[in-house]
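Q: let's see this in three dimensions:
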Amino acid sequence: MFNSDRLKLARERRGLTKRILAESVGLSVRALSNYENKLDYDPKQETVASLAEALNFPVEFFYGESVDTPTIETASFRSMYSLQANKKHKVFAAGALAFALSELLDKLYTLPTEDLPDFAGEEPEDAAQSLRVYWGLGDKPISNMMHLLEAKGVRIFSLMEDSKRVSAYSQWHNETPYIFLNNNKSAEHSRFTLAHELGHLVLHRELLSDDIDLRTIEREADAFASAFLMPRSDVYARAKNILSRTQIIKIKKRWGVSAVGLAVRLHKLGLLTDWHYQRLMVNMSKAGDRTKEPDGLPMEISLLFRKIFASMSEERVTRQELAEKLHVYPEEIDSLVFGLSNVLLVEETPKLSAKRAHLRLVK
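A: The predicted structure follows:
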């Protein structure tokens, strides 16, 4: 049976208004609205085929079950209230498809389970230190943020969006923490963003939209990320008498953070005076450090998806077969998994095993 929810999901994933889609397939806006609002449950086959072609989804997609979609009320999302509606809907629709993919992978593999305590009400600095103690990290630098979070049961999906305003968002769904990361930033920015969203997941899990002071929770998540990546005691031990941009660029790799991010942390901890901090910010801005990271790190790559697709490849599962199970085209899955399915999955005759594989991730 035709699913109106799927039509709306597909349209929003492509960032199209009802008018634009209706005109592209020769429908009236009213007719399209009737399909989406369940006032007409039986569009003609040729109409569905036209919609499928215009939206770049297989026809079968529109006959699948409804899937949950992130909303502005459930997701922590930087600048979510000021983002244009079509871009907001587009990234939330990506989240819905990620939920569906995650549910499928849960049926095929035993994936790491959630291990995130609830630190609601704690000061961000204290929560960051408490989480490090809980995970047994001590004060050592975190070599790979993505691998660490995946090992703790956080599902991380990519957002291949062209909007620079969409860095990431996160939410809990069916007791599982999710982070959706726009991977068009520097490695240092992505690491900080992952830590920022981790802060939302452990500090703001129960917040409702009516309770949210956006500026406050964003400051809290930033403070958590800074403290989590750059523990106070380690910074005090390693970064005394750091006063110049050159010194900061040299030592920032220890914590895998940006030069600007380290300068902010040093100032916060009292290791830079206001005068030295302001001077550094001016020098960094002139050098372009806010837009292009000096001496940058390589991007972190999902270990979870690498293991999943390596296992599928051994079983001769193709990109096409995986995509068909979700009733999407392979490119749609590529956009959610950092392009790794395109790189790692085979293109031979599929054979999907019913066996559940156990995947173990080491942080």
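Q: contacts and neighbour counts: CA atoms only from here.
A: OK.
Q: enumerate every residue touching E293.
A: 186, 188, 258-259 (Cα atoms under 8 Å, 6 or more residues apart in numbering).
Q: where's the dip in pLDDT among those residues?
A: Lowest in pLDDT among the contacts of E293 is S186, which has 93.
Q: all the strands of the chain, in order from the start?
A: Remark: strands assigned in the chain by DSSP state E are 76-77, 109-110, 155-159, 168-173, 176-182, 357-358.
Q: can I get the ones you listed in a markdown table with mean pLDDT?
A: Output for the strands of the chain, formatted as a markdown table (pLDDT from 0 to 100):
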| stretch | mean pLDDT |
| --- | --- |
| strand 76-77 | 65 |
| strand 109-110 | 94 |
| strand 155-159 | 96 |
| strand 168-173 | 92 |
| strand 176-182 | 95 |
| strand 357-358 | 58 |
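Q: so which of those gets nearest A98?
A: strand 155-159 (7.0 Å; Cα to Cα).
Q: what's the weakest-modelled helix or strand in the protein?
A: Across the helices and strands of the chain, mean confidence by mean pLDDT, DSSP states H and E is lowest for strand 357-358: a mean of 58.
Q: to what extent is N283 buried, counted in neighbours?
A: By the measure other Cα atoms under 10 Å, the count of residues near N283 is 14.
Q: what's the answer for R215, then?
A: R215 has 10 neighbours, counted by other Cα under 10 Å.
Q: contacting residues for P124?
A: Per Cα under 8 Å, 6+ apart, neighbours of P124: 199, 203, 220-221, 223-224, 227.
Q: for S311, see how far away it is.
A: P124 sits 39 Å away from S311, going by Cα to Cα, to the nearest Å.
Q: cool, R19 as well?
A: For R19 relative to S311 (Cα to Cα), the value is 44 Å.
Q: which one of these two has more residues nearby?
A: For R19 versus S311, the count of surrounding residues by other Cα under 10 Å is larger for S311: 18 against 14.
Q: what is the most widely separated pair among the contacts of P124?
A: L203 and A227 (13.7 Å).
Q: neighbour-wise, which of the two wins?
A: More crowded of L203 and A227, by other Cα under 10 Å: L203, with 24 against 20.
Q: check that one and give its pLDDT.
A: Note on L203: pLDDT of 95.
Q: now it. Nearest residue, chain neighbours left out?
A: Distances taken as Cα to Cα, 6 or more residues apart in numbering put A120 closest to L203, at 4.4 Å, once the chain neighbours are dropped.
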